[in-house]
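> Model the following, please.
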Amino acid sequence: MSGKGFLLISRLRKIFQKLSQIPKNQCSGIRVLRRLNPEGNDLKVAVIHDWLTGMRGGELVLDSILKLYPQAELFTLIYNKGKLNERIENRKIHTAFTDRLPFKSSKYRSFLPLFPTAIETFDLRGFDLIISSSHCVAKGIIPPPTAKHITYVHSPMRYVWDLYYDYFPRRSGFKFFLIQMISNYLRMWDVSSSSRVDRFTCNSSFIAKRINKYYRREAKVIYPPCLPESQKVEEIPKDDFYLIVSAFAPYKRIDLAIDAFSKNGKRLLIIGGGQEEKSLRKKVPSNIEFLGGLKRDEIKTYYQKAKGFIFPGLEDFGITPVESQSHCTPVIAFGQGGALETVVDGKTGVFFPEQTADSLNEAIFRSEKLSYKKKDFEESISRFTEEKFINDLKFEVDRL
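Prediction:
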């Protein structure tokens with residue numbers, strides 16, 4: 001061994017000797033590092049999720065987080081029991097005072113001004129690791145000084161940032177003035193609470209840019225767990241209809257799809273429900289059919305047989321286009337936002353450049369002329385498996 005090798009060993013020996021002499025009451029930092037190892041049995045984990053009212057994209061992410069940390073305790077603002085899967089419901093769930101307010105099952109979005117206060121009521125002392133799954137206020141919890149907080153952001157609070165004028169169109173009167181005052185407060189709280197996060201992760205480059213814009217923080221992109229690792233691409237003969245699977249929120253632009261199919265006369269099936277359902281059902285022609293909310297196994301059949309999947313909104317990411325591609329069903333999507341990261345133009349779907357009925361119809365006609373290949377769908381969806389999500393998230397936690 002060279003002289004340099006002996007010198008290195010000698011120095012390392014002295015370092016370890018000094019560490020062994022440190023009193024136990026001065027080793028808290030070392031103990032914290034050990035506890036923060038996800039493989040350790042003594043790691044105490046809290047998972048924060050905005051609200052538990054149904055199994056949608058955010059809850060699929062939550063479900064995968066709980067697979068990684070099955071011992072974690074769950075904290076949420078609203079909990080509608082019976083609406084989630086067993087893995088989520090069969091654990092200790094803590095709720096805020098908002099869960100005891102009247103009409104919480106259907107009118108919980110009306111409690112938005114109370115959510116910052118509600119999320120800050122959770123006492124997280126004693127937890128080593130906090131993981132927030134946030135599209136509203138979950139990232140704004142108050143972590144104890146010794147805990148690490150990593151957040152997975154589905155979107156910055158869209159109600160008061162980029163989609164503010166979609167949710168609250170300009171108008172006059174005291175009600176609109178009140179909305180403006182509340183929104184101003186929520187923006188200030190949202191920005192200030194971002195400093196409580198040790199590490200940001202998010203579902204797409206589109207959202208990473210918005211996190212940087214509003215919070216001035218960098219975020220690691222981890223694509224959400226859209227599909228199980230075992231799921232294979234299925235190629236089944238198609239029927240002559242197009243499909244939408246969506247919540248009925250303003251930014252989803254279901255109204256745009258209805259306008260387009262009212263003009264082209266093609267058959268459109270719409271699965272889902274939500275706040276705009278009543279207005280969307282008005283004056284719908286016979287070629288457009290609402291199927292309501294269906295179970296996942298039932299939706300799968302429609303994915304398999306649809307001629308194309310319509311995705312007309314500006315989305316943060318969008319799990320449904322990936323699910324559609326897993327059944328060799330091409331996606332006709334608005335060419336902005338998360339769709340640019342999930343759909344491969346000309347290979348697994350097509351984009352339309354403007355949110356107009358004519359632009360959407362031109363894309364539909366273009367899609368009908370293309371010949372899609374199974375291998376292109378397989379290559380596309382391989383980026384969005386649950387196993388990859390869990391591994392990527394665990395890597396980011398380990399970095400803490």
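> Could I get the buried residue list for the lengthiest helix in the chain?
If you go by DSSP state H, the chain has its longest helix at helix 174-193. By 16 or more other CB atoms under 10 Å, the buried positions in helix 174-193 come out as 179, 183, 186-187, 189-190, 193. In short, each C-beta sits where N, CA and C put it, glycine included.
> Nearest to residue 280, out of those: which one, please.
residue 179 (23.3 Å; CB to CB).
> Ignoring the adjacent residues along the chain, who's closest to that closest one?
Among residues not flanking residue 179 along the chain, residue 168 sits closest, at 5.3 Å (CB to CB, 6 or more residues apart in numbering).
> Which residue lies nearest the spatial centre of this structure?
Nearest to the mean C-alpha position of the chain, by CA atoms, centre = their mean, lies residue 154 at 3.7 Å.
> and the residue lying closest to it once chain neighbours are set aside, how many neighbours does it have?
Sequence neighbours aside, residue 135 is the residue nearest to residue 154 in space, at 3.9 Å (criterion: CB to CB, 6+ apart). Residues within reach of residue 135, counting by other CB atoms under 10 Å, total 23.
> Isn't residue 135 up against residue 59?
No: Residue 135 lies out of contact with residue 59 (CB atoms under 8 Å); the separation is 11.1 Å.
> Would you map the helices across the stretch 151-300 of the chain?
164-167, 174-193, 205-215, 254-264, 277-280, 296-305 (DSSP state H, counting those that start in this stretch).
> Output those in TSV; the columns should cover distance to residue 143 and mean pLDDT.
Converted to TSV, the helices of the stretch 151-300 of the chain look like this (distance: least, CB to CB, whole Å; pLDDT from 0 to 100):
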stretch	distance to residue 143	mean pLDDT
helix 164-167	28	74
helix 174-193	11	90
helix 205-215	16	95
helix 254-264	38	97
helix 277-280	38	90
helix 296-305	34	92
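> And those helices: which comes nearest residue 245?
Per CB to CB, nearest to residue 245 of these: helix 296-305, 6.0 Å.
> which outside residues touch the closest one?
Defining contact as CB atoms under 8 Å, 6 or more residues apart in numbering, one finds that helix 296-305 is touched by 55, 234, 236-239, 241, 243, 245, 269, 271, 291, 294, 309, 323-324, 326-327, 329.
> can you pull out the strands in the chain?
Using DSSP state E, the strands of the chain run over 45-52, 73-79, 93-95, 129-134, 148-153, 199-202, 219-221, 242-245, 268-271, 288-292, 308-311, 331-334, 349-352.
> The fourth one vs strand 45-52, what angle?
This points to strand 129-134. Using axes from the mean of the first three to the mean of the last three CA atoms, to 10 degrees, one finds that strand 129-134 and strand 45-52 are set 20 degrees apart in direction.
> One more: the fifth one?
Orientation note: strand 148-153 sits at an angle of 30 degrees relative to strand 45-52 (the same axes, to 10 degrees).
> Any buried residues in strand 148-153, and which?
Buried positions in strand 148-153, judged by neighbour count with 16+ other CB under 10 Å: 148-153.
> ok so, going back, for the residue nearest to residue 154, what are phi and psi?
The phi/psi pair for residue 135 (degrees, to the nearest 10) reads phi -130, psi 0.
> That one: what's it in contact with?
Contacts of residue 135 (CB under 8 Å, 6+ apart): 50, 58, 153-155, 157-158, 316.
> Would you mind giving me the confidence score for it?
Looking at residue 135, its pLDDT reads 93.
> if we can go back for a sec, correct me, but the residue nearest to the centre of the chain touches residue 59?
No: contact criterion CB under 8 Å: residue 154 and residue 59 do not qualify, at 10.6 Å.
> now residue 115, nearest residue through space, not along the chain?
Residue 115 sits nearest to residue 137 (CB to CB, 6+ apart), 4.5 Å away.
> how about stretch 49-56 as CSV, C-alpha atoms only?
The C-alpha trace of stretch 49-56 is given here as CSV (Å, rounded to 0.1, in the frame of the first residue of the first chain):
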residue,chain,number,x,y,z
HIS,A,49,-53.8,15.3,1.4
ASP,A,50,-56.2,18.3,0.7
TRP,A,51,-59.4,16.3,0.8
LEU,A,52,-60.7,12.8,0.5
THR,A,53,-64.0,12.9,-1.5
GLY,A,54,-63.4,10.4,-4.3
MET,A,55,-60.8,8.3,-6.2
ARG,A,56,-59.4,10.7,-8.9
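> Give me the average confidence score over that stretch.
92.
> Neighbours of residue 212, how many?
With other CB under 10 Å as criterion, residue 212 counts 13.
> what residues are up against it?
Contacts of residue 212 by CB under 8 Å, 6+ apart are 218-219.
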